[in-house]
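1. mind looking at a prediction? Sequence and model below.
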Amino acid sequence: MKPRIATFMTAHTVRRIVKEKDYLNKLKNIFNELNIEKVYIENYRSGLQVTTEELRKARKLLENEYEVSGGTCIGTWGEDWGRYADYGFKVICLTDNKNLNLLAKVMRQAASVFDEILIDDFWANWCYCNECISRFNEQYGFNLNVRSFREALLRKDPQIMSCWADYSTKLLTDVSKRYVVGPAKEVNRDVKVILKVAEWRENFHFRGLFFNALKNVFDGFYVGTESREGTQRYGSFYIIEYVRAFVGNKLKGAWFDTYNGYELRIPIGINTYLEQGWHSALGLVDEITLFNARALLEEEKREHFERMGHEIPLMKKLCGSIKGESVGLIRPAIQPSQGAIFERYLEDALGMIGVPLKVIPLEHIKEGDYVLITEEDIGYIDIFELIERGCNLVVSSMAAELIAKGALGESGLELLGLSKVMPLRYEAKDVHAFVYKGNVIMLEHRRPSGMVIGPILNLERGRVLAYASDGKESYPVIYISEYKGTKVYVLCVTKYMPYLKMMYPEIIRQVVRDIVLEYLGVGLVRYRDALFDVSVFPYTDGTVTLMNMNDYGVTFDLVLDKGKARIEFSKVPKDTVLGKAKIEHISEDSEKISMHIRMPQNSIDAVKFA
């Protein structure tokens, strides 16, 4: 699917283009350089609401050259509004009647000019004011004040967080119906109201963004795919898969900005910016929006957009050639009220070491699937019901630790093959070596040799694939057990994600990749290089996209198991799609195809097996 490229013009920029012809012409020039086909025109942001006359004039100035739709940022607060919460950015309280009436006014105005309105991602329940906590107490029987409520959040009180997620969902859904979508459709019954959600998926339910409720309110969804410095860029792809699993074809597009993850006033690194774009495109959405139009003219971001202008045709070429859907290690589509602590965004880190993931509704998981079970799943899904379906499990560190502590009773201990007397030896252990197939592996060159790993479990049954050692004893850290005819892999290497990604020896990452290769029948095998910041994206049509996010080249083997491949294959590719990576050697026998590939630094390419 070739994504349409759009940009979003904030209210402040809208006001400027209707007054300054030269500024508008400069914007149009960069729009054309970037092959921008669509422009969203915003009517409100942070207290500034442009006039209806300004909106109509801005639309007229653009509609002969671009598709034009409306936009709004109704979650943000302004001086004439009511109560707000302050997170360094001010967002409105959803229980304040003044705010609600102004919301309806903003939406009516946008719908009077446009047939489509895209809402920026500040739309959520942010407020913990006295009025909000009082209503919460009344509905759920608590006796909290603002301070005691915040203390409960700090200690991750499961009951209060679960109730707040329910409260937020009901509040946001009701306000969205009555004061957002309702008023818009009163003015224009044909208007489509699209909600953009942000990149922080772990907090969606807590903030009221519960898709099973909201998908019945909004006409479509957009998703923020920012993966700024300090985060794992595979998350820009994963969140598209995540949202699509809930809303299906109501997912319309992805958007990302130029902001740095540590200091928003400083631009993001250029390569990270381009990788955001590629991950978004590989999500095969209809549309990608570059936020925001004003930034396109900022001098310190000139190279960002020049480079993006070169990449966009390549994105369209590659993504336009993909006719299938992505495949990967299965993750159940759930929205728990309390996100993980140690394994927040674990999926993003796994994606960065060459483990592809696929999010699907829980009811669609079937016999033979390999399902990743993580910290946030324990207590939210029926793991034993998955076993009854014939699913194989890949259990993360924290999921295993919670089970070892009794979260699933004695049946959970039996599931993991653990001792019933002392199933958990240590929550964490300092080690300095690993053991794989009898070989001791240590990493000491210009780095600390000490590492932390956990949990350390007390096994009664199972075949150990890798051990860790403190020099006195070896501890099982990756093993396979069987339970009622299904495979249960346990990965006690995911709790400390920075170590998994870069500090543990490469063989540990390869063992994890091999488990997924066994399921998908396609994957990466290390040659000599350490494979982190390298991702693989297999699709059912036989396309396998590869991304090297390192500032140096890497080599690896791309392996396809003919008997297990969950992608189509009818040929052995001799060349890559974009000509960036080089296939140096191909070997084939009756069971598998192995391609030795060299990828340049910061590059994306693909091969096609069909």
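-> Here it is on my side, so go on.

2. for this structure, what's the longest helix?
-> helix 302-321 (DSSP state H).

3. buried residues in that one, which are they?
-> By neighbour count on 16 or more other CB atoms under 10 Å, the buried set for helix 302-321 is 304, 305, 308, 311, 312, 314, 315, 316, 318, 319. For the C-beta atoms, the positions are set from N, CA and C on the backbone; glycine is no exception.

4. how about stretch 479-496?
-> 479-481, 483, 486-496.

5. and the furthest pair within those?
-> 486 and 496 (27.7 Å; CB to CB).

6. show me which strand runs longest in this protein.
-> strand 474-483 (DSSP state E).

7. just checking: what are the partner strands of that one?
-> Looking at strand 474-483 with DSSP bridges, its partner strands are strand 463-469 (antiparallel), strand 486-491 (antiparallel).

8. C-alpha coordinates for it, CSV please?
-> The C-alpha coordinates for strand 474-483 follow below in CSV (Å, rounded to 0.1, in the frame of the first residue of the first chain):
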residue,chain,number,x,y,z
SER,A,474,25.2,-21.9,36.8
TYR,A,475,21.6,-20.8,36.7
PRO,A,476,19.0,-21.7,34.0
VAL,A,477,17.9,-18.5,32.2
ILE,A,478,16.3,-19.8,29.0
TYR,A,479,14.6,-23.2,29.0
ILE,A,480,11.8,-25.2,27.3
SER,A,481,9.3,-27.3,29.1
GLU,A,482,6.1,-29.1,28.0
TYR,A,483,2.7,-28.9,29.5
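
9. now do it: everything it contacts.
-> Residues from elsewhere that reach strand 474-483 (CB atoms under 8 Å, 6 or more residues apart in numbering): 387, 414-417, 425, 429, 431, 434-435, 453, 456-457, 459, 461-469, 487-493, 508, 511-512.

10. emit the ChimeraX select command for whichever of those residues are buried.
-> A single ChimeraX command selects the buried members of the contacts of strand 474-483 (16+ other CB under 10 Å):
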select :387,414,415,416,417,425,429,431,434,435,453,456,457,459,462,464,465,466,467,468,469,487,488,489,490,491,492,493,508,511,512
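
11. quick one: contacts for the closest residue to residue 450 other than its chain neighbours?
-> Spatial nearest neighbour of residue 450, chain neighbours left out: residue 432 (5.2 Å); criterion: CB to CB, 6 or more residues apart in numbering. Counting by CB under 8 Å, 6+ apart, residue 432 makes contact with 442, 449, 450, 451, 469, 470, 471.

12. got it, and residue 158?
-> residue 338.

13. ok, now how distant is it from residue 339?
-> 12 Å (CB to CB, to the nearest Å).

14. over to residue 85?
-> Counting by CB to CB, the gap from residue 85 to residue 339 is 20 Å.

15. more neighbours, these two?
-> Looking at residue 85 and residue 339 with other CB atoms under 10 Å, you find the greater number of neighbours at residue 339, namely 20 against 17.

16. pLDDT below threshold where in this protein?
-> Along the chain, no part satisfies pLDDT under 70.

17. mind redoing it with 80?
-> Applying pLDDT under 80 to the chain flags the ranges 1, 529.

18. give me the outermost residue of it relative to its centroid.
-> In the chain, the residue that sits farthest from the middle, by CA atoms, centre = their mean, is residue 472; the gap is 40.3 Å.

19. check the secondary structure at that one for me.
-> Following DSSP: H, G, I helix; E, B strand; the rest coil, residue 472 is assigned to coil.

20. surely residue 103 and residue 181 touch.
-> No - using CB atoms under 8 Å, residue 103 is not in contact with residue 181; the gap is 10.7 Å.

21. tell me who's in contact with residue 14.
-> 41, 42, 43, 50, 54, 55, 58.

22. residue 545 too?
-> So residue 545 contacts 282, 318, 322, 536, 537, 538, 539, 604, 605, 606 (CB under 8 Å, 6+ apart).

23. change it to 6 Å
-> Contact analysis of residue 545 by CB atoms under 6 Å, 6 or more residues apart in numbering lists 537, 606.

24. quickly find the element holding it.
-> Taking DSSP states H and E as the definition, one finds residue 545 inside strand 543-548.

25. likewise for residue 131?
-> helix 130-140.

26. dump the C-alpha coordinates for that helix into PDB.
-> The C-alpha coordinates for helix 130-140 follow below in PDB (Å, rounded to 0.1, in the frame of the first residue of the first chain):
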ATOM      1  CA  ASN A 130     -10.800  17.800  43.800                       C
ATOM      2  CA  GLU A 131     -13.900  17.600  41.800                       C
ATOM      3  CA  CYS A 132     -12.700  14.700  39.800                       C
ATOM      4  CA  ILE A 133     -11.600  12.700  42.900                       C
ATOM      5  CA  SER A 134     -14.900  13.600  44.600                       C
ATOM      6  CA  ARG A 135     -16.800  12.100  41.700                       C
ATOM      7  CA  PHE A 136     -14.600   9.100  41.600                       C
ATOM      8  CA  ASN A 137     -15.100   8.500  45.300                       C
ATOM      9  CA  GLU A 138     -18.900   8.800  44.900                       C
ATOM     10  CA  GLN A 139     -19.000   6.300  42.100                       C
ATOM     11  CA  TYR A 140     -16.600   3.700  43.500                       C
END
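
27. got the buried residues for it?
-> 132, 133, 136.

28. can you list contacts of it?
-> 95, 144, 146, 149, 163, 167.

29. tally up the residues packed near the third one, please.
-> Close neighbours of residue 146, defined as other CB under 10 Å, add up to 13.

30. show me what contacts it?
-> Contacts of residue 146 (CB under 6 Å, 6+ apart): 128, 133.

31. how near is it to residue 75?
-> 21 Å.

32. again with the second one
-> According to CB to CB, residue 144 stands 24 Å off from residue 75.

33. domain parsing for this protein?
-> Per automatic domain parsing, the domain ranges recorded for the chain read 4-126+176-321, 324-520, 521-610.

34. could you dump the ones you listed to a markdown table with distance to residue 153?
-> Formatted as a markdown table, the domains of the chain follow (distance: least, CB to CB, whole Å):
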| stretch | distance to residue 153 |
| --- | --- |
| domain 4-126+176-321 | 9 |
| domain 324-520 | 10 |
| domain 521-610 | 33 |
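
35. which residues touch the nearest residue to residue 564 once chain neighbours are set aside?
-> In space, and not counting its chain neighbours, residue 564 is closest to residue 521: 3.2 Å by CB to CB, 6+ apart. Shown in contact with residue 521 (CB under 6 Å, 6+ apart): 561, 564, 565, 566.

36. likewise residue 2?
-> 316, 320.

37. run the last query once more with 8 Å
-> Counting by CB under 8 Å, 6+ apart, residue 2 has contacts 316, 319, 320.

38. any idea how far residue 579 is from it?
-> The value you get for residue 2 to residue 579, if CB to CB is used, is 19 Å.

39. residue 27 contacts residue 297, correct?
-> Yes - assessed by CB under 8 Å, residue 27 is found in contact with residue 297 at 6.7 Å.

40. higher neighbour count, these two?
-> Using other CB under 10 Å, the more surrounded residue of residue 27 and residue 297 is residue 27, with 23 against 15.
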